[in-house]
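> take a look and give me a structure for this.
(chains A and B)
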Amino acid sequence: MFANRKIENIENEVMTAISVARKQQPLLNAMVSFMEADEAVEHAKSSSGKLAGLPIVLKDNVLTKGVRTTGSVSILDNYIGAYDATITTKLKDAGAVIIGKSALDGLGMGGTGTNCHTGFVHNPYDLSRMAGGSSAGSAALVASGAVSFAIGSDTGDSVRKPASFVGIVGVKPTYGRISRYGIIPYASSLDHVGYFTRSVEDAALALEVLAGRDDKDMTSSFRAVEDYLANLNGDLSGKTIGILGNVIDSIKNESTLKLFNDLVEKCKNVGATVKIVNMDPKRLQTCLPVYYIIANSEATANHSNLDGVRFGMQESGDTLEELMTNSRTKGFSFLLRKRFIIGSYSLADENQELLLRKAQKVRRLLVEDYKAALADVDVLIAPASGDVAPLLTDTSADQLSARYLIAENYMVLGNFSGYPSMTIPMGKINGLPMGINITAKPFEEQVMFDVAFGMENLTGCKNMTAEVMV
Amino acid sequence: MSFEVIIGIEIHCELKTKTKMFSGAPVSFGNLPNTCVNEIDLGHPGTLPSLNKRAVELAITACELMNCEVDRLIRFDRKNYYYSDLPKGFQITQQFHPIGRGGYVDIEADGVSKRIGINRLHLEEDTAKQFHHGDVTWIDFNRAGTPLVEIVSEPDIRSGKEAAAFVEKMKSLLEFGDISDVKMEEGSLRCDVNISLRPYGFDGYGTKVEIKNLNSVNNVLRAVEAEIVRQTEIYLKGESVVQSTRRYDEVSRKTVLMRKKEGAVDYKYFPEPNIPPVLISDEFYNRVKSQLPKTASQRKESYVAELGLSDYDASILTSGLDLSNFFDAIVRFGAPAKATANWLISEVLSVSQLRSDKKFADWIKPEHMADLLIMVSEGKISGKQAKEVFADMILGEAPKDIVAKKGMSQVSDEGQLLVWVTEILNGNAQSIEDFKNGKDRALGFLVGQVMKLSKGKANPAMTSELLVKELSKR
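The predicted structure follows:
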């Protein structure tokens, strides 16, 4: 916890975090690089910021001036940040001490933590399991106890899914609430800055630091940032909670359903009104393909700057075209190249109407459905995943089953709509954490935090850390 | 000629803004390479575009001056291609919703006026500039991200003269609109001409050839005429024109093949997700509309109507913004308009051509010019003296100081003039005789003699008057 706690011995706090992260590194493989903290520690000592002295970790797609920022792709392996991301500046100004950069699935593309250019990230609760992705390293380091706050980014569910797998709080606020300037993008219309903490109070305080209008991001909101922590109210009586029925219907794991239903009962017992809300099930199954087409189309264009000409790894070639082709072929993994090809195909003149434009239309319909589902409730909830974290060796998911299409992918609705959405732990199944997702109406982060705070009181799942045997 | 000529022109024009289209880096010309750039212009990871408000303002101004309908919802798209002068790997442009559509401008060629349609006007960003030296290519990113408007005409142009008149008109509108400095030779206004021929009476279009990188209005004229000849010859031989991009070679005065166009390139245009649609408010739009700068034709009209200048003089004075501004400034300092016009056209322009410097105010202050012309009009110095003073003024001295230093003040005192006139008349009996016999030339000779005697100080008009009076007495 760092909310309502003044860090007295900053040096000790920071050095402990660095030491723990370093000791865990051989097991978790969650860090890409460690940063020099001395200067930041000195700065923090005289800071009166909200995070004065707090050691934190940034996902390695957040730009840090003068510090290597790889986005977890080979083509940027030698890239030194030319500037600070807006949130990097905000965090430094708040007195936070950035101790390092964490691993991610390359360019944020992937949900497993197994597509990082630095190798697999391991789940601190069970090293043979995934931490989830793409913000794999940040999630693992908060769950392992190394840091209590880490930055991630969320394009599909890249903060909220790993939060579920490692038993921590993962927040993706409303699109435009946090500036994206200086975040290596995945897909601009879906990308959100998100973050991890181990308590809802910490999450509320963190947003106060991160949120706010930034003229460098035209999509960032002019809305005033609220005092989320001071206003936090966990009283669930009078709250109307909608259960997204389609997700429940598609989950087969009894243990998951039991954890969820127990929590719902507790909510009712403290005075919440609970009702089941359903969306068009057929349309809901399009979440994944719609996401793939939009995200890959935008990603293809977004990463055309990585050509080996001005920065990053350069391969030689006899012509400019050859140099670019060689740099990009060697600079991206097979998986990323595949995604670029899908994106490029969807953008091609002869396909665009049928693929990208159609996907954008379906996205709009899905958002309308989602808006309607939220109309009469304060929040929508559902398990953040059908099951606990998969084994690193697990490639068995049937990607076309309704179970997979809905239960494992519905959280992308938060990205389609831009609505605020977060995951908190709701308990454990055989010692492995399982999360619940809470989504609210746009810019109603306070409502989302309030419900999450109330539920956190009911589950008792607060400040959970895994014991990593180093 | 046996074919109808179909010409459409695309103009790329750099906007006069302080900063770039989507970044806060300064816009510059002539600075050291790669000094006016930031992480956005270089396409570094994580950067995002922010729209330049002034650029939007200038684009709206251009739309109004070209009678385009303004789309009040500003939207941008990505044009995707890989090239070393394009840092992001895409250019942000307005493919689907140009800010301006359906406009027109009126041109005059060979004394005939004609209306040329404007198909579209849109905002976009410029690329970096490349310099090829042997095997090596140097890239200057200063130009990357410079705001541009692209203006596309309808294929309404039918000759080289019309093409040149159209480009001249666009230059004038953009210059007087304070939208661009329209320097074709420096590339701040670039012009591509699309040209095809077809038999008269035929409705379809022939194969189109694009001529790129035309760096002057004269070259537009020459290139089009050369290309018409080339295409005509091809058709008359029964061959077909190849769709291609060509450039104009000034030495051979012919168009030269740059590359053949093999199928259309797919730029995979799609809406730019990082710039939300921006709605131009009534307030913003009306403010821009109410502050439209006067066009060259409007200035010309007022010179004729309000200042009484001739049509010819007014045309010359409005041929460039600096000249027109310079003229306005001199007149504002109290100089008589007609005399100012004469002086600018006969004296100042010739000097400026020698100096190839059109920024008049940089080398001659308008208040100095006004002082000079006022002295002439008040009879303090003669026109001849004024030219002498002007020669020194170019070096920066104030005309009043020059006149004082040279003791040039014109003599208009009748007593002194009479002394000089009497002396000359007394010594030129033959001229008096000639004058009496109706030889008017004699008067001119006598005036000249008085001027010589007075070392140029005698007021010539008064001298002439006095001479006539005195002659009649003899």
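
> going forward, measure contacts and count neighbours with C-alpha atoms only.
Noted.

> quick one, domains of chain B?
Per the record, chain B has its domains at B:3-279, B:294-405, B:414-473, by automatic domain parsing.

> which of those sits most buried?
Of all these, domain B:3-279 carries the top mean neighbour count, a mean of 19, counting by mean count of other C-alpha atoms under 10 Å in any protein chain shown.

> export the domains of chain B to CSV and tack on mean pLDDT and distance to residue A:50?
Formatted as CSV, these follow (pLDDT from 0 to 100; distance: least, C-alpha to C-alpha, whole Å):
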stretch, mean pLDDT, distance to residue A:50
domain B:3-279, 95, 26
domain B:294-405, 87, 55
domain B:414-473, 87, 84
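
> how about TSV for those, with distance to chain A added?
TSV is the format used below for the domains of chain B (distance: least, C-alpha to the nearest C-alpha, whole Å):
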stretch	distance to chain A
domain B:3-279	4
domain B:294-405	34
domain B:414-473	68
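
> for the stretch 201-350 of chain A, what lies in contact range of chain B?
Counting by C-alpha under 8 Å from any C-alpha of the partner chain, the stretch 201-350 of chain A comes close to chain B at A:215-219, A:301-305, A:309-310, A:320, A:344, A:347-349.

> buried subset of the residues you listed?
By neighbour count, with 16 or more other C-alpha atoms under 10 Å in any protein chain shown, these hold A:216-219, A:301-305, A:309, A:320, A:344, A:347-349 as buried.

> all helices for the stretch 51-200 of chain B, in order.
Along the stretch 51-200 of chain B, counting by DSSP state H, counting those that start in this stretch, helices occupy B:53-65, B:160-176.

> can you tell me which helices and strands the last one packs against?
Identification of packing neighbours for helix B:160-176 by 3 or more C-alpha pairs under 8 Å, 6 or more residues apart in numbering or on different chains; DSSP states H and E yields helix B:53-65, strand B:100-109, helix B:217-236, helix B:296-307, helix B:321-332.

> how about those in TSV, adding distance to residue A:23?
TSV is the format used below for the helices and strands packed on helix B:160-176 (distance: least, C-alpha to C-alpha, whole Å):
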stretch	distance to residue A:23
helix B:53-65	52
strand B:100-109	62
helix B:217-236	72
helix B:296-307	75
helix B:321-332	71
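
> and the two most separated of the buried ones among the residues of the stretch 201-350 of chain A next to chain B?
Spatially, the most separated pair among these is A:219 and A:320, at 34.4 Å (C-alpha to C-alpha).

> center of chain A - which residue?
The centre of chain A sits closest to residue A:159, judged by C-alpha atoms, centre = their mean, with a distance of 1.8 Å.

> give me every residue that touches it.
A:133-135, A:139, A:152-153, A:170-172, A:194-196 (C-alpha atoms under 8 Å, 6 or more residues apart in numbering or on different chains).

> for chain A, which residues score under the pLDDT cut-off?
A:396-402 (pLDDT under 70).

> skipping adjacent residues, who's closest to residue B:266 in space?
Spatial nearest neighbour of residue B:266, chain neighbours left out: residue A:349 (6.3 Å); criterion: C-alpha to C-alpha, 6 or more residues apart in numbering or on different chains.

> between the buried ones among the residues of the stretch 201-350 of chain A next to chain B, which is nearest residue B:31?
residue A:309 (22.7 Å).

> over to that closest one. Which of the three states is it?
Using DSSP: H, G, I helix; E, B strand; the rest coil, the secondary structure recorded for residue A:309 is coil.

> touching, it and residue B:83? I think so.
No: the pair residue A:309 / residue B:83 is not scored as a contact, 9.4 Å apart, by C-alpha atoms under 8 Å.

> if we can go back for a sec, quick one: which of the helices and strands packed on helix B:160-176 is nearest residue B:29?
helix B:53-65 (17.1 Å).

> distance from the chain centre to the closest one, please.
19 Å (C-alpha atoms, centre = their mean, to the nearest Å).

> list the beta-bridge partners for residue A:435.
residue A:425 (DSSP bridges).

> residues touching residue A:431, list them.
residue A:125.

> that one and chain B, how far apart?
39 Å (C-alpha to the nearest C-alpha, to the nearest Å).

> next: residue A:460.
Taken as C-alpha to the nearest C-alpha, the span from residue A:460 to chain B is 38 Å.

> for stretch B:392-411, which outside residues touch it?
Here stretch B:392-411 has contacts from B:363-364, B:368-369, B:371-372, B:379-382, B:385, B:389-390, B:417, B:456-459, using C-alpha under 8 Å, 6+ apart.

> gap between the two ends of that stretch?
21 Å (C-alpha to C-alpha, to the nearest Å).

> also stretch B:284-295?
Stretch B:284-295 end-to-end distance (C-alpha to C-alpha) = 21 Å.

> off-centre distance for that stretch?
The answer for stretch B:284-295 is 21 Å, by C-alpha atoms, centre = their mean.

> now the contacts of residue A:159 in JSON lines, with secondary structure?
Shown next, in JSON lines, are those (three-state DSSP):
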{"residue": "A:133", "secondary structure": "coil"}
{"residue": "A:134", "secondary structure": "coil"}
{"residue": "A:135", "secondary structure": "coil"}
{"residue": "A:139", "secondary structure": "helix"}
{"residue": "A:152", "secondary structure": "strand"}
{"residue": "A:153", "secondary structure": "strand"}
{"residue": "A:170", "secondary structure": "strand"}
{"residue": "A:171", "secondary structure": "strand"}
{"residue": "A:172", "secondary structure": "strand"}
{"residue": "A:194", "secondary structure": "strand"}
{"residue": "A:195", "secondary structure": "strand"}
{"residue": "A:196", "secondary structure": "strand"}
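
> and which of those is nearest to residue A:436?
The closest of those, once distances to residue A:436 are taken by C-alpha to C-alpha, is residue A:170, at 10.3 Å.

> how many residues are close by the closest residue to residue A:169 other than its chain neighbours?
Spatially, and ignoring its direct neighbours in sequence, residue A:169 is nearest to residue A:424 (4.5 Å; C-alpha to C-alpha, 6+ apart). Residues near residue A:424, counting by other C-alpha atoms under 10 Å in any protein chain shown, number 32.

> how near is residue A:424 to chain B?
29 Å.

> do residue A:426 as well
35 Å.

> wait, isn't that residue in contact with residue A:437?
No: contact between residue A:426 and residue A:437 fails when scored by C-alpha under 8 Å: they sit 9.5 Å apart.

> need the phi and psi values for residue B:72.
Residue B:72 adopts backbone torsions of phi -80, psi -10, taken as degrees, to the nearest 10.

> and residue B:204, how far is that from residue A:331?
Residue B:204 is 49 Å from residue A:331, by C-alpha to C-alpha.

> ranges for the strands of the stretch 51-200 of chain A?
A:55-59, A:97-102, A:122-123, A:126-130, A:149-154, A:169-172, A:192-197 (DSSP state E, counting those that start in this stretch).

> would CSV of the ones you listed with mean neighbour count be doable?
Output for the strands of the stretch 51-200 of chain A, formatted as CSV (neighbours: other C-alpha atoms under 10 Å in any protein chain shown):
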stretch, mean neighbour count
strand A:55-59, 28
strand A:97-102, 28
strand A:122-123, 30
strand A:126-130, 20
strand A:149-154, 30
strand A:169-172, 34
strand A:192-197, 30
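
> need the ones you listed in JSON lines (columns: distance to residue A:91).
Putting these into JSON lines (distance: least, C-alpha to C-alpha, whole Å) gives the following:
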{"stretch": "strand A:55-59", "distance to residue A:91": "9"}
{"stretch": "strand A:97-102", "distance to residue A:91": "8"}
{"stretch": "strand A:122-123", "distance to residue A:91": "26"}
{"stretch": "strand A:126-130", "distance to residue A:91": "28"}
{"stretch": "strand A:149-154", "distance to residue A:91": "10"}
{"stretch": "strand A:169-172", "distance to residue A:91": "16"}
{"stretch": "strand A:192-197", "distance to residue A:91": "12"}
